[in-house]
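Engineer: A predicted structure for the sequence below; I have some questions about it.
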Protein chains: 2
Amino acid sequence: MNVLGLIVEYNPFHNGHLYHLKESVKKTNANVVIAVMSGNFLQRGEPSIISKWKRTEMALLNGVDLVIELPYVFATQKAETFANGAVSILDALHCDSLCFGSESGEINPFLQTTQFLLQHQIEYDELIKKHVQTGVSFPKALTLAFQELAGDQEILDLSLPNNILGFHYVSAIYKQKSKIKPYTVKRSSAGYHDETFTSPTIASATSIRKTLFSSESEELKIRNYVPPETLERINKYKSENTLLHNWESYFQYLKYSILTMSKEEIQSIYEVEEGLENRILKFIIQSTSFHELMEKLKSKRYTWTRLQRVCTHILTNTTKQEMKDITELSPYIRLLGMTEKGQKYLNSIKKDVPIPLISKVSSFQHPLLDIDIRASYTYNMIFQEPNRSLRLQDEYTTPPIRILRK
Amino acid sequence: MNVLGLIVEYNPFHNGHLYHLKESVKKTNANVVIAVMSGNFLQRGEPSIISKWKRTEMALLNGVDLVIELPYVFATQKAETFANGAVSILDALHCDSLCFGSESGEINPFLQTTQFLLQHQIEYDELIKKHVQTGVSFPKALTLAFQELAGDQEILDLSLPNNILGFHYVSAIYKQKSKIKPYTVKRSSAGYHDETFTSPTIASATSIRKTLFSSESEELKIRNYVPPETLERINKYKSENTLLHNWESYFQYLKYSILTMSKEEIQSIYEVEEGLENRILKFIIQSTSFHELMEKLKSKRYTWTRLQRVCTHILTNTTKQEMKDITELSPYIRLLGMTEKGQKYLNSIKKDVPIPLISKVSSFQHPLLDIDIRASYTYNMIFQEPNRSLRLQDEYTTPPIRILRK
């Protein structure tokens, strides 16, 4: 048995993801594929365009055998924490390999960079601190610190989002002393943030989402860039629920939340630091959209992503107190879906899985799982009744999705 | 100068209110009328059908000279606290008289009952406690305690809502050693909770609201029961905002609020006692409407009104901590509107008003005023942007309404 782990968001699952999946299987000779996937809120602090259940179906129909939810407390975080949580789940599920996308497709720079930095951890941390204090953003500080430390050596470009994630995946494997072997596959054409279609079959998730939120006729345009299962599910979701999710759909709740919180309550929210509560309170009343609020809030100090994460934590009422005890490793594994093959694999290892494996939320209790459930409640608030109530109850009653794959 | 004080909600202002106003002026020979009015949330724990600003206009156009907002911390409370806050404002504004509606129109039973109970305060409180412990509702316990204490004496029927309020107004006047002289006017036909129209010109506010939320054609029906200024304002409000306010319009925010709060946070909300948080958490997910939630929550122990107040406090995030320091007397007087005569009167006494008189919210700070502002923000959340933002800003910028009355 050769088990491949992937760390994904699939927002939504597109041809680039399919390409990565197939190449990764080829490269690692895998016969089982496990994906750890962010739930309804994503690493960049946004709601997913379509629910985690639909994204699970997309994954299972396109080659993944097991989909595990990355808990909220890892999923909506900076790359390091995100990677720690995800790798710990793949490790607990006895994955042999992890394969991530990168700009170059070469694994060696990742291995060397990680080893180099682990050897110089203390100096590196100090340099980061120094650069942060000059007022630059955190990602920028990482790059500057790294350049200063590594000098002339050939180094990984940590300003590219996929490289940062890959670097932290490899770091997490080393730090957790996992037996997982890291691989990387060169990313296909489209850049992470590309907003236009430049290739005939591969487009970034960003450009696909943008198209989905534009006029209806534009929907046809994405047909070339996603597998049929993705298009089908998106269309069904839209017809059932009349909407796809983006930050604007949640803005009224965010605004309500902020306006009914005291300043101390906003300060108590995770990641609200350095007087950010004052800026939020100053700008929220006059902002008529999420985009307008973000434009007002952003500055050299606060990146768009960091601010989106803060807004996500306000929206889900996730406090510093709750995050105080977060560990590097996930305390549970929540199964979202599986194929027959995935189920067989799970049965074969389940006695050796060191942390609880959750099929039904109602049968397990954990403070971090409470946050996942709350995040799901929040995600479903934008539906109309009685649809809303049904979906809220789903969170407790939906068993993992089972797909019989041809 | 003969100054009459009234304590009102005007939700909305109707012919019964107009009748009471005119009779009160006649009875007290008043030449200035001051109304202390609940803001956007009312004594029974509901949003007002139309904003406090529009209700202020209705009052000023129909004979009131000054409208003062009863702060949220008094307005959304049981009769005793409501009365204490309102009377303290009328007293600070040097009212000579207070005239309230009652079933009999006789003031003596109120005076006697109040005096009797003040003399037997300790026994009365003990009897109330005893009856509450048997599991009956608070209003019921008041009546039983009173009956037990008063024995054969002719006593006021405290099971009638208007009598309870009147009793507490008179009590507050006595306790605050105010010079205000209490009067009462017999209520005209419609009972407090009547839901149907039984008189040709007078209907309860309840039946008028019910009609306004039914089909559009029914609107014509209320024409006979409200002054033209009321109908005009309601129609204008509906055409500008596409809605009138009731609990159902806020249900999505209430549900979101509850589902993103921890059990401890719900416990910290004012008036959430005796494990009510468990019932709320148990029923909220499956409830598809406010009415459905209330039907599930209500019991012998929790009256509808008490539960509505609890929901209001959850909605506005008003905590026990914030209410800890509430005093019997209002710490400020917030002016919502005035006629020329009202303004003249205010100028004549303003040097002798013992507490701050607020025309603009932005020029005064007080923790209780923060709650009023938050309640107004909450009230305006149900509008669409950009209307919502404009109304939120109004709370800071709207000066008191000035009406030149013919």
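Structural biologist: Good, I have the coordinates.
Engineer: what are the neighbouring residues in contact with A:P200?
Structural biologist: Neighbouring residues of A:P200 by Cβ atoms under 8 Å, 6 or more residues apart in numbering or on different chains: A:N224. Using the backbone N, CA and C atoms, a C-beta is placed for each residue, glycine as well.
Engineer: for the residue of the stretch 51-200 of chain A found nearest chain B, what are its contacts?
Structural biologist: Proximity of the stretch 51-200 of chain A to chain B (Cβ to the nearest Cβ) peaks at A:Y72, 12.5 Å away. Counting by Cβ under 8 Å, 6+ apart, A:Y72 touches A:39, A:41, A:316, A:318, A:368, A:371-372, A:375.
Engineer: what do you get for A:E385?
Structural biologist: B:251, B:288-289 are the contacts of A:E385 under Cβ under 8 Å, 6+ apart.
Engineer: what comes up buried for the helix or strand containing A:V36?
Structural biologist: Following DSSP states H and E, one finds A:V36 within strand A:32-38. Within strand A:32-38, the residues scored as buried using 16 or more other Cβ atoms under 10 Å in any protein chain shown are A:32-38.
Engineer: just these now: which is nearest chain B?
Structural biologist: Of all the buried residues of strand A:32-38, A:S38 has the smallest distance to chain B: 19.2 Å, by Cβ to the nearest Cβ.
Engineer: and the nearest residue to A:H245 once chain neighbours are set aside, bridged to which residues?
Structural biologist: Leaving aside its sequence neighbours, A:H245 sits nearest to A:P47 (Cβ to Cβ, 6 or more residues apart in numbering or on different chains; 4.4 Å). Beta bridges link A:P47 to A:F41, judged by DSSP bridges.
Engineer: check contacts around A:P47.
Structural biologist: By Cβ under 8 Å, 6+ apart, the contact list for A:P47 reads A:40-41, A:245-247, A:249-250, A:312, A:379.
Engineer: which ones among these lie within helices?
Structural biologist: A:247, A:249-250, A:312, A:379 (DSSP state H).
Engineer: gap between the residue nearest to A:H245 and A:L243?
Structural biologist: A:P47 is 11 Å from A:L243, where distance means Cβ to Cβ, to the nearest Å.
Engineer: please apply the same query to A:Y396.
Structural biologist: A:Y396 is 23 Å from A:L243, by Cβ to Cβ.
Engineer: show me the shaky parts of chain A.
Structural biologist: A:152, A:154, A:189-198, A:216-219, A:405-406 (pLDDT under 70).
Engineer: show me which residues of it sit near chain B.
Structural biologist: A:251-253, A:255-257, A:259-262, A:265, A:285-289, A:315-317, A:370, A:374, A:377-378, A:381, A:385-386, A:388-389, A:392-393 (Cβ under 8 Å from any Cβ of the partner chain).
Engineer: mind doing that once more with 6 Å?
Structural biologist: Contact residues, chain A versus chain B (Cβ under 6 Å from any Cβ of the partner chain): A:253, A:256, A:259-260, A:285-286, A:288, A:317, A:374, A:377, A:381, A:385-386, A:389, A:392.
Engineer: drop anything exposed from these.
Structural biologist: Applying 16+ other Cβ under 10 Å to these flags A:253, A:256, A:259-260, A:285, A:288, A:317, A:374, A:377, A:381, A:389, A:392 as buried.
Engineer: quick one on the thing from earlier: filter the residues of chain A next to chain B down to just the ones in helices.
Structural biologist: Among the residues of chain A next to chain B, the members falling in helices (DSSP H) are A:253, A:256, A:259-260, A:374, A:377, A:389, A:392.
Engineer: those: which two are farthest apart?
Structural biologist: By the measure Cβ to Cβ, A:L259 and A:S389 form the most distant pair in these, at 25.3 Å.
Engineer: was I right about A:V87 contacting A:A172?
Structural biologist: Yes - using Cβ atoms under 6 Å, A:V87 is in contact with A:A172, at 3.8 Å.
Engineer: about what we covered before: what about the strand holding A:V36, distance to the chain center?
Structural biologist: 12 Å (Cα atoms, centre = their mean, to the nearest Å).
Engineer: which residues sit against it?
Structural biologist: Around strand A:32-38, the neighbours that count as contacts under Cβ atoms under 6 Å, 6 or more residues apart in numbering or on different chains are A:3-9, A:59, A:64-68, A:70, A:75, A:86, A:89, A:93, A:345.
Engineer: and those residues, which are buried?
Structural biologist: Using 16+ other Cβ under 10 Å as the burial test, the contacts of strand A:32-38 include A:3-9, A:59, A:64-68, A:70, A:75, A:86, A:89, A:93, A:345 as buried.
Engineer: narrow those residues to those in strands?
Structural biologist: Judged by DSSP state E, strands contain the following of the buried ones among the contacts of strand A:32-38: A:3-8, A:66-68, A:70.
Engineer: the stretch 51-200 of chain A: strands as residue ranges?
Structural biologist: Applying DSSP state E, counting those that start in this stretch to the stretch 51-200 of chain A gives strands spanning A:66-70, A:97-102, A:181-186.
Engineer: B:Q112: which of the ones you listed is closest?
Structural biologist: Short answer: strand A:66-70, nearest of the strands of the stretch 51-200 of chain A by Cβ to Cβ, at 68.5 Å.
Engineer: circling back to that earlier point, can you add neighbour count and give the contacts of A:P47 back as CSV?
Structural biologist: Output for the contacts of A:P47, formatted as CSV (neighbours: other Cβ atoms under 10 Å in any protein chain shown):
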residue, neighbour count
A:N40, 25
A:F41, 27
A:H245, 22
A:N246, 19
A:W247, 19
A:S249, 16
A:Y250, 22
A:T312, 27
A:Y379, 24
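Engineer: from those, which is closest to chain B?
Structural biologist: A:Y250 (9.8 Å).
Engineer: roughly how far apart are the closest one and B:E240?
Structural biologist: Counting by Cβ to Cβ, the gap from A:Y250 to B:E240 is 26 Å.
Engineer: A:H366 too?
Structural biologist: For A:H366, the distance to B:E240 (Cβ to Cβ) stands at 49 Å.
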